[in-house]
Structure formats: structure tokens, C-alpha cells
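In: take this sequence and fold it.
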Amino acid sequence: MTLEEKIGQMNQLDPSWNAEEKEALIREGRVGSVFNIVGAKELNRLQRMAVEETRLGIPLVAARDVIHGFRTIYPIPLGQGASWNPEMVEKAAGLTAGEAVSAGIRWAFSPMVDVAHDPRWGRVAEGYGEDAYLTSTMGAAVVRGYQDNGMAACVKHFAGYSASEGGRDYNTTWIPETQLRDIYLVPFRAALDAGAMSLMCSFNDLNGLPSSANPHLNIDILRHEWQSDALLVSDWGSGSDLVPHGLCADKKEAALRCINARMEMDMQGNIYTDYLAELVAEGKVKEQQIDECVRSILRLKYRLGLFDNPYVPETQPVAYSPEALALATEMVEQSTVLLKNNGILPLNIQHSTSLNSPYGFSRSFEALPRKELSTLNILITGPLADQKKEQLGTWVFDGEPEHSITPLMALKSFNLQPSTLNITYVPGLTYSRDKSTEGFAAAVQAAKKSDVILFFAGEEAILSGEARCRADISLPGAQTQLLAELKKTGKPIVLVVMAGRPLTIGAECEMADAVLYAFHGGTMAGPGLANVIFGKAVPSGRLPMTFPKMVGQIPLYYNRHNTGRPSYDPPMLIDSIPIGCPQFSIGQSSYWLETPTEPLFPFGFGLSYTTFEYGEPKLNEQMVNGKMVNNFTVSCEITNTGNFDSYEVPQLYIRQLSGELVRPICELKDYQKIFIPAGKTVTVSYQLTPEQLGYWHEEYSYTVHPTPYTSHQLWFATDHTDFQVWIAPDSRCLTKPVTISY
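Out: Residues are numbered from 1 along each chain as shown. I've put the predicted structure just below:
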């Protein structure tokens, strides 16, 4: 290959911009990949330019932002994380790949495995939550689903992107090396272990060095330490962004910094095509560096079989298969989280059991007298009840809103025996940010004639995703005001929230008799929610992120450090401080004056229509002289003590009680999603290894004579200390630990 041909392979372009100019570059062999082009006919036309009109005939690889479905849209990734069901997520990814590949897409810019602690950040919708292990299992599942069905995964964003200051997209991140390795890099390693063919650089600077020009990330860790040969592609223009970052004086210097950090393909930045040949001629870049990058690009194409089969069959593409629609419905059922239930749900049972939250919403409620009702009068209201586009969620380029089935549509067609449903729809608000109160009177009047109110609240899809960060994460518009007016009617309210992030909904939860958090559910959000509301399916979602009470608590995440002065309950809140109180600080703890440190809802939390009883954990360990020397197994019995067959999600947590460094108050190490029939008992078991107890240590050695310097060493190890181990329903119900010594 000539130098120009090699550099051409490192160039990724969107041909829909300046199409004539881009097509000329393809014919000259100066493009290695195209993206944002969909459809077999158009892709084959561009592919023929590359294969039949260039000297070497190297095929293009077509890429696309395929995030949570292609035509059939599944719940947003954060919602998929709430399913705690990686097998289901893998199956959905496989069906997504089938649809995308039939349209010519062979490379998906997903999964996003950025561990996120800040719900203000819009891109929390694209990830799987705040925990490295949960994110790892979900990300690896997507990789397998895609690549077992002919579409390469591109794991993003490498690395530390989600720790942006203030929850603002593209912003600075400062992450200590030990935290980077303990949390933010863990899901990337898991995705690579699952076979991921590529990774994408992140936009942010990490400790002052943007990822596209970060040799520590891209060479020291990815290439040398992990021995990965996955292709590394920039994000859109992230190479040329080095200039506004303030790292480089111009784009030529940006190209030099990126190639020296082995960013192998430049997405829509033009810095390699414009400057690499010049840098080689000047002796600043060795052609061997370019060879290494091109080898990764060609390897990806070989692995996808493009050299043997570059073209796409121009047949009817796969879309909306019965299997995909059924799975999309089930995923809504399993990702919807029941946050509160005073007995109103499900709506079709004769007698109701109160399933109150242990987190502040426990009060008595008389369920609807359903056995006496021949007709159930339901008011459906709220701005998200019948929004085909908005329920699809963020990052949907190829989903077609006309195929969406909304909650209103599904509820109207639901067959509730022996009762008859009488549905009245008065939206009250036309969209989530609507501040007009004009529709309130009609909604209130309809509520007075109803037996129950289903209020569909949340965010429009455009309010989450890239560059959609919010400083105020309460319900937008006049939604809370409308809910308060409906509350005055005295009719029971079921609040269903469809959003792209955790929202501060404490006041709304107080007003509602039941709360379902459904995220953005995709094409089949309506049928899935209808099944949950009427008890055809039991909600089994668990929160993948902590829900704060107010935005001032952020960042708030479950696996935080305890501090030397942990908060106590109740702390001295602002209104309890006497006027003229003297200053004092000794004996105080780590808390806020306006709110306790407890979240609205903790990580891993979710109610069910049934109840589960956890037995005492049992430990089977291999010990020598009182110390663990090998793997150990912890198990416990779980009994479904209610009246519904249901899934439960027992979660395995550990806490290291002392060590070389301060460790989190608890850490998720494993989980299962298991089906337990009503009245039955199952035994759940987990195996833990010494490696799972380990973490990254950092040691500094200081020498004063003859020259002052600091030497730095980093290693992964397990401290010889005591550990507490729990099997629990969420990250706060840690009441029955067993202790092991390592």
C-alpha cells in the first residue's frame, strides 16, 4: 500500500455531508469507513466505488449509532440496566444486529460502558448505571449479541468520560489512577474479554490529557498491559478538538499528538488526511506507526468478512419481527421499577396486599373495590401517555415512531376480565416542558368521574442523551402542578415516569399511591406497561442508579467511602438550629443541613407485587490457619412469601473492613435474576475468589538524598483482612452479613 492509501484507510467520513466531494475521496481510496448511510442499495453503490474503482479494492466498513435497537427500539440502555438481565440484553442486541446488518450496517457505535455517578449528565441514558460490575455484565452481553450476529461492537467512551465536572457533557475529568482502574476501566476490560472488536476515544480530557492524545490509556494500558488488538477510533472530531481543548496550537500538531497516542481512525476530523503525509515527510512520524494503525483497520474488516462479501443483499430488510416485538415488550416489563405501591397495583386483582417502600412512603391505603366493579373507569393523563416518538428515547436514528404502541393505545385495547375498562384520555399537558395550565380543568373534571388515575409523566426524549445535561433534574414544565391538582380529587393515582435519567421526584412520590419508573421503553413501551399495570406481568426492575432527593446531593452513589465521621440520623437540619446558636464543630458528622444523606431510593432497589424473605447466609470456605486460601461459596434461601410468581434479584455485596487504602461501604460483586413461584423457596449461591476481593493499590516512595524524587508503583492485590458478605435485595438492606478472613 502507498502512504496515501494507508492514510485513506484511517479516514472515516459521513458521505451525506458534501456528498460529491466525499464520493471522490472514496474513488481515490482515501476513505476507510463511512457512517450514517443506511440502506443496502446506497451502501452497495458506495462500496462499488471502493472495491471496483480503486487500485487495491479494499472494502469500506459501514458504521452507525445503533444504541438500543435499530428499527425495533428496546428500552434505553439505562432501562436495560434496570432489568438486571444480561441474557435478555444479549438477545436484544442479537436481534438488533440482525435488523442493522440487513440494512448494511456492520459496525455499531455501542455499547456505552461509562460508569456514571451524576444523573445531571445527559448520557446516563446511554449507559447501564453507576456500578462497574453491573455495567460490565451488560456491556459484555451487548458485545456478544452484536458480534455473534455479524455486527462489530465499538465500546465507548475510552475513558473516564462520565466523571465530567458538574455533569456537563465534554467537560474536564479528574480521576486518580486507582479509581480509574477500580471503576471506570473495569467495563472496558470486560467488553474486550467478551471479544469487542473496537473502542472509541472519549471527548473529555482526563487529568489534563484528552483521550485521543493519551498514550497512557491507548498504548500503556490498552496495547501493552491488556494486549488488545481492538481498533481504536476517535469520536466525532475528537482529534481536531485538541485545539479548542488548549492542548495543541493547530490541527497539524493535533494529528501528531493523536498518532503518537495511536488513535487509529479519525472520525470526521480530517486531521490525518490533511497532515499525516506531511508529518512523515518531516520525520516527525514513522511510517511504521501508520502501518500499525492500518493493520488494526484491515483486521476489523477481515473479521467481519468484508473482503469475501463486501456487498449487502438488496432484499427487504429485517424489521419488527414477532420475536423482536415480543422481546421488546418483555424487556419493558422486566426493566420497569416499582418504587411505591400502597395496594392499588395491579389493577385487576380482587384483593390487594400493601407493599410499602421502606424508604419513607409507607401509609395505609384502601385498594379499589374491584370485586364490585363491572366497569373500571380509568383516567389516562399526563404528557407522556400518547407520545410515539418520545417513548423511543434518546439516540434513535432508525426507529420509526409510527410503529410505536403507546400506553394509551395499549390500555385502550387491553382485555380486562371480568370487568370492562372505560378509558378516558385527557392529557392535561401537551408535552413534558409544557407550562400552560389550560388543560388542567378538563383533566380534573375527568378525574372526579374516574375510579383511578394513570398519570404518565417524565421527560421528552430530547432532554437526555449527548449534550442534554440538566442542572435541575425535577419533572419539567407544569407536571408536578397538574399532579397536585389531581391529588385534590381524592382519587387514587398511579404515577408512571418515562425518562432518560433518575429524577428528583420525592414530592411526586408522596402524592401518588403507586409509582412505576419506566425510563424510555421503546417501540413496545405501551404493551409492556399495560401488562405491568394490570398484573399480567410482575415488575422486576431494580434501580441501576441511586435516586437523589435533591440535586444538591449529587454525586450520590452507593459504593462511596464511609469517611472518618459518617453521617448519623437524624442530623441537625437547618430548621432545627436555634437562633443565635454558638459555633461548634467537634463531634459533627458528614451531612448536609437541608437533607439527610440518604437517597430517595438506593441502588438496586425495586418492589414487586409479591414479597420475598431472605434466610441467613451460609458460608462454605477453604481455610488454613483461619485464613481463606481459595474460592468460597456463600448461599442463602429465598422464599416467595406472597401470591404472585415473580422474578427476584438477589445481589451479592462485600465490604472490606480495613486495608492498605480506605474501601467503599459496600461493593456489588455478583447478582442473579431468578424466577420464584409463589410459596416456593430456592437456594441462591455465589462463588467469590480472592481476586474479586482485590483492588488497585498505589505506593509512593520518597528519597531525599542525594536528589529528591518520587517513585510510583501501582499493583492489584487483596489485603489480608476481614470482609463482610451479604446476599440482599438492594444496596441498603444489608442486615445479615457473614464475615470471612483472607
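
In: ok, residue 403 to residue 241 distance?
Out: 36 Å (Cβ to Cβ, to the nearest Å). (Each C-beta comes from the backbone N, C-alpha and C, glycine too.)

In: so for these two, which sits in the more crowded spot?
Out: residue 241 (23 against 16; other Cβ atoms under 10 Å).

In: touching, that one and residue 205? I think so.
Out: No - the pair residue 241 / residue 205 is not scored as a contact, 9.5 Å apart, by Cβ atoms under 8 Å.

In: shouldn't residue 620 be in contact with residue 630?
Out: No - counting by Cβ under 8 Å, residue 620 stays clear of residue 630, with 10.9 Å between them.

In: quick one: low-confidence parts of the stretch 601-742 of the chain?
Out: The stretch 601-742 of the chain contains residues with pLDDT under 70 at 622-629, 700-712.

In: how about the strands of it, start to end?
Out: Counting by DSSP state E, counting those that start in this stretch, one finds strands in the stretch 601-742 of the chain at the ranges 612-614, 618-624, 627-640, 646-648, 651-656, 667-671, 674-676, 681-688, 695-703, 709-717, 722-728, 738-741.

In: got these as a markdown table, with distance to residue 483 columns?
Out: Below are these laid out as a markdown table (distance: least, Cβ to Cβ, whole Å):
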| stretch | distance to residue 483 |
| --- | --- |
| strand 612-614 | 31 |
| strand 618-624 | 46 |
| strand 627-640 | 33 |
| strand 646-648 | 29 |
| strand 651-656 | 32 |
| strand 667-671 | 33 |
| strand 674-676 | 34 |
| strand 681-688 | 39 |
| strand 695-703 | 44 |
| strand 709-717 | 49 |
| strand 722-728 | 32 |
| strand 738-741 | 44 |
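
In: quick check: end-to-end length of stretch 667-683?
Out: Stretch 667-683 stretches 22 Å from its first residue to its last (Cα to Cα, to the nearest Å).

In: centre of the chain to that stretch, how far?
Out: In terms of Cα atoms, centre = their mean, to the nearest Å, the centre of stretch 667-683 is found 23 Å from the chain centre.

In: pull out the buried positions in it.
Out: By 16 or more other Cβ atoms under 10 Å, the buried positions in stretch 667-683 come out as 667, 668, 669, 670, 671, 672, 673, 676, 682.

In: and these as TSV, adding distance to residue 109?
Out: Below are the buried residues of stretch 667-683 laid out as TSV (distance: Cβ to Cβ, whole Å):
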residue	distance to residue 109
667	30
668	27
669	30
670	29
671	28
672	30
673	28
676	38
682	40
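
In: between which two of the residues you listed is the distance greatest?
Out: Largest separation among the buried residues of stretch 667-683 by Cβ to Cβ: 667 and 676, giving 25.4 Å.

In: so residue 325 lies in a helix, does it not?
Out: Yes - under DSSP: H, G, I helix; E, B strand; the rest coil, residue 325 sits within a helix.

In: what sits closest to it if chain neighbours are left out?
Out: Closest residue in space to residue 325, ignoring its immediate chain neighbours: residue 524 at 5.9 Å, by Cβ to Cβ, 6 or more residues apart in numbering.

In: tell me the contacts of the one you found?
Out: With contacts defined as Cβ atoms under 8 Å, 6 or more residues apart in numbering, residue 524 is in contact with 325, 328, 329, 332, 405.

In: so which of those is the most crowded?
Out: Counting by other Cβ under 10 Å, top hit in those: residue 332 with 31 neighbours.

In: pretty sure that one sits against residue 523.
Out: No - taking contacts as Cβ under 8 Å, residue 332 lies outside contact range of residue 523: 9.4 Å.

In: domains for the chain, by residue range?
Out: Domain assignment for the chain, taken from automatic domain parsing, gives 63-284, 322-533, 612-741.

In: would you quantify the distance from residue 639 to residue 186?
Out: Distance of residue 639 to residue 186, given as Cβ to Cβ: 33 Å.

In: which pLDDT value belongs to the nearest residue to residue 206 once chain neighbours are set aside?
Out: Spatial nearest neighbour of residue 206, excluding adjacent residues (Cβ to Cβ, 6+ apart): residue 160 at 4.6 Å. Residue 160 is assigned a predicted lDDT (pLDDT) of 97.

In: and what of residue 375?
Out: Value for residue 375, per-residue pLDDT: 86.

In: contact partners for residue 523?
Out: 69, 72, 73, 74, 320, 325, 328, 392, 399, 403, 404, 405 are the contacts of residue 523 under Cβ under 8 Å, 6+ apart.

In: repeat for residue 458
Out: 383, 384, 432, 475, 497, 498, 499, 503, 520.

In: most neighbours, which of those?
Out: Counting neighbours by other Cβ under 10 Å, residue 498 comes out on top of those with 32 neighbours.

In: I'd assumed residue 526 was in contact with that residue.
Out: No - checked against Cβ under 8 Å, the pair residue 498 and residue 526 is beyond contact range at 10.5 Å.

In: quick check: neighbours shared by the two?
Out: residue 391.

In: that older thread, JSON lines for the contacts of residue 523, including secondary structure and pLDDT?
Out: As requested, the contacts of residue 523 are arranged in JSON lines below (DSSP: H, G, I helix; E, B strand; the rest coil; pLDDT from 0 to 100):
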{"residue": "69", "secondary structure": "strand", "pLDDT": "98"}
{"residue": "72", "secondary structure": "coil", "pLDDT": "98"}
{"residue": "73", "secondary structure": "strand", "pLDDT": "98"}
{"residue": "74", "secondary structure": "coil", "pLDDT": "98"}
{"residue": "320", "secondary structure": "coil", "pLDDT": "98"}
{"residue": "325", "secondary structure": "helix", "pLDDT": "98"}
{"residue": "328", "secondary structure": "helix", "pLDDT": "98"}
{"residue": "392", "secondary structure": "helix", "pLDDT": "98"}
{"residue": "399", "secondary structure": "coil", "pLDDT": "97"}
{"residue": "403", "secondary structure": "helix", "pLDDT": "98"}
{"residue": "404", "secondary structure": "coil", "pLDDT": "98"}
{"residue": "405", "secondary structure": "coil", "pLDDT": "98"}
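
In: so which helix or strand takes in residue 146?
Out: helix 132-147 (DSSP states H and E).

In: for that helix, packing partners?
Out: helix 77-83, helix 86-102, strand 152-158, helix 186-193, strand 667-671 (3 or more Cβ pairs under 8 Å, 6 or more residues apart in numbering; DSSP states H and E).

In: comparing the ones you listed, which comes out most buried?
Out: Comparing the helices and strands packed on helix 132-147 by mean neighbour count (mean count of other Cβ atoms under 10 Å), helix 77-83 ranks first with a mean of 30.
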